[in-house]
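this is a predicted model, with the sequence first.
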Amino acid sequence: MKIGVNITHAEALAAYTAAGHAFPTIPAGKNTIWHHFTTVDGLPAVILNQRGMTPEATDNEQEVNGCLLAIALEAPTPEAGQQALEGWVQDMLEL
């Protein structure tokens, strides 16, 4: 299954809030949080919010603060899409 990713903070947050969710706040003592949801187009998605990296003018292909959005494309079922996204997040974060 393909995973589409949008790394633009404003666009990721716009998709999340359009689906009826508030900004994904990070609990005290943590630097990352992710929430599964369904986009307004009915696609399984996950938003990931990270903080704690040193701010830079450009990302220099390094981790940066803010939100990104991942969407399961062509998922056979919503559950399969969410499962694929959870695996993607865990692999990306090396959990």
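Done, it's in.

who are the packing partners of the longest helix seen in the chain?
Longest helix in the chain, counting residues (DSSP state H): helix 78-92. Contact here means 3 or more CB pairs under 8 Å, 6 or more residues apart in numbering; DSSP states H and E; on that basis helix 78-92 packs against strand 2-6, strand 32-38, strand 44-50, strand 66-73. All C-beta spots, glycine's among them, are computed from the backbone N, C-alpha and C.

low pLDDT regions in the chain?
52-65, 95 (pLDDT under 70).

residues touching Ala70, list them.
Ile3, Gly4, Val5, Asn6, Ala45, Val46, Leu48, Leu85, Trp88, Val89 (CB atoms under 8 Å, 6 or more residues apart in numbering).

can I assume the fourth one is in contact with Ala14?
No. Counting by CB atoms under 8 Å, no contact exists between Asn6 and Ala14, whose distance comes to 9.6 Å.

just want to know which of these two has more residues nearby.
Neighbour count, other CB atoms under 10 Å: between Asn6 and Ala14, Asn6 has more, with 17 against 14.

quickly list what that one is bridged to.
Leu69 (DSSP bridges).

next one: it from Pro76, what distance?
22 Å (CB to CB, to the nearest Å).

burial of Ala84, as a residue count?
20.

in a markdown table, list the contacts of Ala70 along with distance to Leu68.
Shown next, in a markdown table, are the contacts of Ala70 (distance: CB to CB, whole Å):
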| residue | distance to Leu68 |
| --- | --- |
| Ile3 | 11 |
| Gly4 | 11 |
| Val5 | 6 |
| Asn6 | 7 |
| Ala45 | 11 |
| Val46 | 9 |
| Leu48 | 5 |
| Leu85 | 12 |
| Trp88 | 11 |
| Val89 | 10 |
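
which member of those residues is positioned nearest His21?
Ala45 (10.4 Å; CB to CB).

right, and that closest one touches Leu68 too?
No. With contact defined as CB under 8 Å, Ala45 does not count as touching Leu68 (10.8 Å).

look at these two and report which has more neighbours.
It is Ala45, of Ala45 and Leu68, that has more neighbours when counted by other CB under 10 Å, with 26 against 20.
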